[in-house]
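1. prediction below, plus the sequence it came from.
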Amino acid sequence: MTPFQYSKPTSIDAALALTGPQARFIAGGTNLLDLMKENLDQPEHLIDITGLPLDQVSQTEAGGLLIGALVSNADLAWHPLVEQSYPLLSQAILAGASPQLRNMASTGGNLLQRTRCYYFYDASTPCNKREPGSGCPARDGLNRIHAILGASGSCVAVHPSDMCVALAALEARVHVQGKAGVRQIDFADFHRLPGDSPQRDNQLAYDELITAIELPAPQFSQHSHYLKVRDRESYAFALISVAAALELDGDNIVSARLALGGVAHKPWRNPAVEQMLQGRAASSESFAAAADMLLADAKPLAHNAFKIKLAHAAIVRAFTEAAATGVA
Amino acid sequence: MSDTPTDPSGQAISLTLNGTPRQLQVQPWTTLLDLLREQLDLTGTKKGCDHGQCGACTVLRNGRRVNACLTLAIMCDGDQLTTIEGVADGDSLHPLQQAFIEHDAFQCGYCTPGQICSALGMANEGRVRSRDDIKEAMSGNLCRCGAYSNILDAVEATLPLIHGGPRP
Ligand SMILES: Cc1cc2nc3c(=O)[nH]c(=O)nc-3n(C[C@H](O)[C@H](O)[C@H](O)COP(=O)(O)OP(=O)(O)OC[C@H]3O[C@@H](n4cnc5c(N)ncnc54)[C@H](O)[C@@H]3O)c2cc1C
Ligand code: SF4
Ligand code: FES
Ligand code: FES
């Protein structure tokens, strides 16, 4: 690791005052230190935010939850209100990383983890995300784990988070604070597609701090399922993951949510698909129609055509499981 | 607020290591794993991958299992740490250590300190109910010798004794 200066502020204002293009916040450190060890990121200054008062989960007036950015992934997954009212989120978090890493990883840091593209992690190869303009060896190289949706000529990487797929399906909001004040970002707008600037994963500026994630009042506590398909049963990133949630009236779908992980530069969702499901029977035909529609624009690279079929089957399976949960 | 500009000897931290209070000087970029192994000669904690991918470096930080390779030592100021060297009670082995011997739960032994600390952290979490739960809850610890089934036996046999704390 390249030497750096270290500060541990105890207030948000003090933390923001220390920001700059060469400074990084550090929370759990599980992604940032990993990158710093390979000199893939070489900040001059680390701002340790673990002393900030952002480690609580509280109920909002709207009946939802406000999750502090420093709440650990483990504590969030096992929080009684999350287990009860947002089981989709618990399941998604517990499907990720390892128990040790989930103890360390923070809610805010999870959103900002970088892609697991092999070339991004190999400083000896070009990569537009690491060095804008240098090229994308994944497009014509090994791309089994790469995107089937929303990719561009400059980058075909996928966002690796499990938690974020559930947060997208649940329509979370990201609370952010900068020197100029606070703002809230809809989850659907938080992460970006690569376009011609893949170096930017999301909308956050370097001098902005994620303070909390807000969940709306629970709507899908009865019928939801997170399905993760990977090369081994545990401790591996998703090839495909599906967050499926249903509100049912008997066998009829009142409302539905569907988000995919492992397929794009951000959790992949299309509200039109969810609207199409409204009022239909909770049947495998409906679920297959949703899969067809969500994957209609999917484009394979040389090594990942299998992901399209896999995603289709996983969507049908996840919805089927979701419909069956909570049924006595 | 604490700043470390250029002090060549590093910055002072204090922590409790295996029950003993320690005052230490660390550089901001020293990981907890390197502090333990290189500065304090506590080489029981192993370096497998140095990237959070194997669990060989698992220690308990305030009772919770973490990967020491992805933890900065300077961020442990004020914390309670337990490494494999702090698990036995003097000369008498912890029941989990004893169980690893009885169940032949290692071959080369490289992953063993991490496996044991991880199982203690798992017990503190108090979430596992079945053998399958243990399998999933121990998945952050790889064993290149493939001693998994015996590790599982040792952990399963000891769990009723250690549930809820690192010492019975
Ligand atoms: C071996 C391994 C396997 C993994 N497997 C999975 C998996 O299967 N699924 C999965 O989802 N994840 C997985 N992860 C990733 C893990 O979930 C993330 O590394 C973790 O969530 C990041 O959180 P952190 O608090 O440690 O972030 P840090 O490493 O501390 O920070 C990450 C980035 O976020 C910034 N940051 C942190 N907090 C804030 C904030 N509040 N405001 C603004 N910026 C902030 C930092 O500056 C940094 O750039 C794995 C990681 C490893 C090492
Ligand atoms: S896919 Fe993106 S991250 Fe991977 S090599 Fe191409 S530009 Fe880099
Ligand atoms: S050495 Fe820390 S996880 Fe492998
Ligand atoms: S006993 Fe050799 S790695 Fe586990």
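-> Yep, it's here. Ligands and ions are numbered 1, 2, ... in the order given.

2. so the residue in the stretch 151-300 of chain A that ligand 3 sits nearest to is in which element?
-> Using C-beta to the nearest ligand atom, A:Tyr235 is the residue of the stretch 151-300 of chain A that sits closest to ligand 3, at 10.5 Å. C-betas here are computed from N, CA, C, even on glycine. Under the criterion of DSSP states H and E, A:Tyr235 resides outside all helices and strands.

3. where does it land on pLDDT?
-> pLDDT, A:Tyr235: 94.

4. residues contacting it?
-> A:Ala97, A:Ser98, B:Ser139, B:Gly140, B:Leu142 (C-beta atoms under 8 Å, 6 or more residues apart in numbering or on different chains).

5. look up the closest residue to B:Leu42, ignoring the ones flanking it.
-> Spatial nearest neighbour of B:Leu42, excluding adjacent residues (C-beta to C-beta, 6 or more residues apart in numbering or on different chains): B:Leu36 at 4.5 Å.

6. that neighbour touches B:Lys47, doesn't it?
-> No: at 9.8 Å, B:Leu36 does not count as touching B:Lys47 under the criterion of C-beta atoms under 8 Å.

7. higher neighbour count, these two?
-> Legend: neighbour count by other C-beta atoms under 10 Å in any protein chain shown for B:Leu36 and B:Lys47, higher for B:Leu36 (24 against 18).

8. from B:Ala68, how far out is that one?
-> Note on B:Leu36: its distance to B:Ala68, by C-beta to C-beta, to the nearest Å, is 6 Å.

9. which neighbours do those two share?
-> B:Thr45, B:Val59.

10. what about the strands in chain B?
-> Along chain B, counting by DSSP state E, strands occupy B:3-4, B:11-17, B:20-26, B:58-61, B:64-67, B:80-82.

11. neighbouring strands of the fourth one in the sheet, and parallel or not?
-> To tie it back to what came earlier, the one meant is strand B:58-61. Strand pairing for strand B:58-61, using DSSP bridges, gives strand B:64-67 (antiparallel), strand B:80-82 (antiparallel).

12. may I see the buried residues of it?
-> The neighbour-count check on strand B:58-61 (16 or more other C-beta atoms under 10 Å in any protein chain shown) flags B:Thr58, B:Val59, B:Leu60, B:Arg61 as buried.

13. and the second one, by the same measure?
-> By neighbour count, with 16+ other C-beta under 10 Å as the criterion, the buried positions of strand B:11-17 are B:Gln11, B:Ile13, B:Leu15, B:Thr16, B:Leu17.

14. what angle sits between that strand and strand B:20-26?
-> On the basis of axes from the mean of the first three to the mean of the last three C-alpha atoms, to 10 degrees, strand B:11-17 is oriented at 150 degrees to strand B:20-26.

15. pLDDT on strand B:11-17, on average?
-> Predicted confidence along strand B:11-17 averages 97 (mean pLDDT).

16. before we move on, the earlier item: of the buried residues of strand B:11-17, which is the nearest to B:Leu96?
-> If you rank the buried residues of strand B:11-17 by distance to B:Leu96 using C-beta to C-beta, B:Leu17 comes first, at 19.8 Å.

17. residue contacts, the nearest residue to A:Ala245 once chain neighbours are set aside?
-> Leaving aside its sequence neighbours, A:Ala245 sits nearest to A:Phe220 (C-beta to C-beta, 6+ apart; 3.6 Å). A:Phe220 sits next to A:Tyr86, A:Leu88, A:Leu170, A:Ala245, A:Leu246, A:Glu247, A:Arg257 when contact means C-beta under 8 Å, 6+ apart.

18. how about A:Arg317?
-> Residues near A:Arg317 by C-beta under 8 Å, 6+ apart: A:Leu227, A:Val242.

19. hang on, it in a strand?
-> No: judged by DSSP: H, G, I helix; E, B strand; the rest coil, A:Arg317 forms no part of a strand; its state is helix.

20. what's the pLDDT at it?
-> At A:Arg317, the predicted lDDT confidence score is 98.

21. now stretch A:119-136: buried residues?
-> For stretch A:119-136, the neighbour count (16+ other C-beta under 10 Å) marks A:Tyr119, A:Phe120, A:Tyr121, A:Thr125, A:Cys127, A:Asn128, A:Lys129, A:Arg130, A:Cys136 as buried.

22. swap that for stretch B:68-81, sorry
-> B:Ala68, B:Cys69, B:Leu70, B:Thr71, B:Leu72, B:Ala73, B:Ile74, B:Met75, B:Cys76, B:Asp77, B:Asp79, B:Leu81.

23. now render the strands paired with strand B:58-61 as TSV, adding distance to ligand 2 and mean pLDDT.
-> Below are the strands paired with strand B:58-61 laid out as TSV (distance: least, C-beta to the nearest ligand atom, whole Å; pLDDT from 0 to 100):
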stretch	distance to ligand 2	mean pLDDT
strand B:64-67	24	98
strand B:80-82	36	98
